[in-house]
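Chemist: Starting from these lines, generate the structure:
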Amino acid sequence: MTYGILSDQEIAALCAGSRPMLSPFVARQEGKPSYGLGSFGYDLRLGRKILVPLGGVNAVLDPIEFPNEHFRALDVDKAFELAPNSQVLAESVERFQMPDDVCGVCWGKSSYARCGLLVNVTPLEPGWRGILTIELANVSPLPIRLHVGQGIAQVVFFRGSRPRRTYGEKEAGGGYQDQTGVTLPR
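Modeler: The predicted structure follows:
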């Protein structure tokens with residue numbers, strides 16, 4: 001077995017069978033912005049659930065004591081306009097089941113980057129399962145239209161030897177294991 005970045009053939013093989021690394025899997029590039037399998041990665045899609053911060057006087061976002069009441073959940077059908085200088089949390093369409101010897105790193109797509117959209121996703125660690133939470137920040141002075149069901153970010157996968165502890169085996173807990181959609185800090 002080779003270690004390093006995974007090609008389209010290796011990604012496709014990991015997405016076939018009874019325990020696919022990601023599903024639903026699209027074996028070619030489709031849509032605009034595009035989604036599906038690329039040469040050395042997978043372009044994932046923006047899901048329907050978006051969490052919008054409400055703000056307020058003296059509101060502080062603290063990951064240890066997170067104020068869930070300062071977010072409103074939206075179920076978006078087609079598009080969402082992200083206001084200038086604001087951010088939201090969103091979900092991927094795809095559900096992941098990361099193999100114990102594979103991790104993923106995610107970057108934004110170039111079409112959205114050129115509009116001023118920053119995409120932040122923490123690494124997809126070996127053994128992690130769930131729907132990905134994606135942070136989207138508009139650093140542009142103009143609104144950015146986000147298209148549900150279209151490409152939003154690209155994940156590049158790397159294979160290495162199995163770590164001593166996978167995501168679910170960590171001492172700190174793995175609190176986001178099996179998340180079912182966009183998830184606030186726990």
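
Chemist: what about stretch 36-46, start to end distance?
Modeler: One end of stretch 36-46 sits 12 Å from the other (Cα to Cα, to the nearest Å).

Chemist: In it, which residues are buried?
Modeler: For stretch 36-46, the neighbour count (16 or more other Cβ atoms under 10 Å) marks 36-38, 41-46 as buried. All C-beta atoms are positioned from the backbone trio N, CA, C, and that covers glycine.

Chemist: Which ones among these map onto strands?
Modeler: Among those, the members falling in strands are 36-37, 42-46 (criterion: DSSP state E).

Chemist: what would those residues look like in CSV with pLDDT?
Modeler: Formatted as CSV, these follow (pLDDT from 0 to 100):
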residue, pLDDT
G36, 98
L37, 98
Y42, 98
D43, 98
L44, 97
R45, 98
L46, 98
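
Chemist: Make sure I have this right: A12 is in a helix.
Modeler: Yes - assessed by DSSP: H, G, I helix; E, B strand; the rest coil, A12 belongs to a helix.

Chemist: residue contacts, it?
Modeler: A12 makes contact with 25, 27, 37, according to Cβ atoms under 8 Å, 6 or more residues apart in numbering.

Chemist: Mind doing that once more with 7 Å?
Modeler: Each residue near A12 by Cβ atoms under 7 Å, 6 or more residues apart in numbering is listed here: 27, 37.

Chemist: any idea how far it is from L44?
Modeler: Distance, A12 to L44, using Cβ to Cβ, to the nearest Å: 15 Å.

Chemist: can you count the residues close to L142?
Modeler: L142: 11 surrounding residues under other Cβ atoms under 10 Å.

Chemist: Could you count how many residues lie near C106?
Modeler: Neighbours of C106 using other Cβ under 10 Å come to 21.

Chemist: Quick check: bridge partners of it?
Modeler: Taking DSSP bridges as the rule, C106 bridges to V155.

Chemist: what does F96 give?
Modeler: Taking DSSP bridges as the rule, F96 bridges to L22, G130.

Chemist: With that, I have no additional questions.
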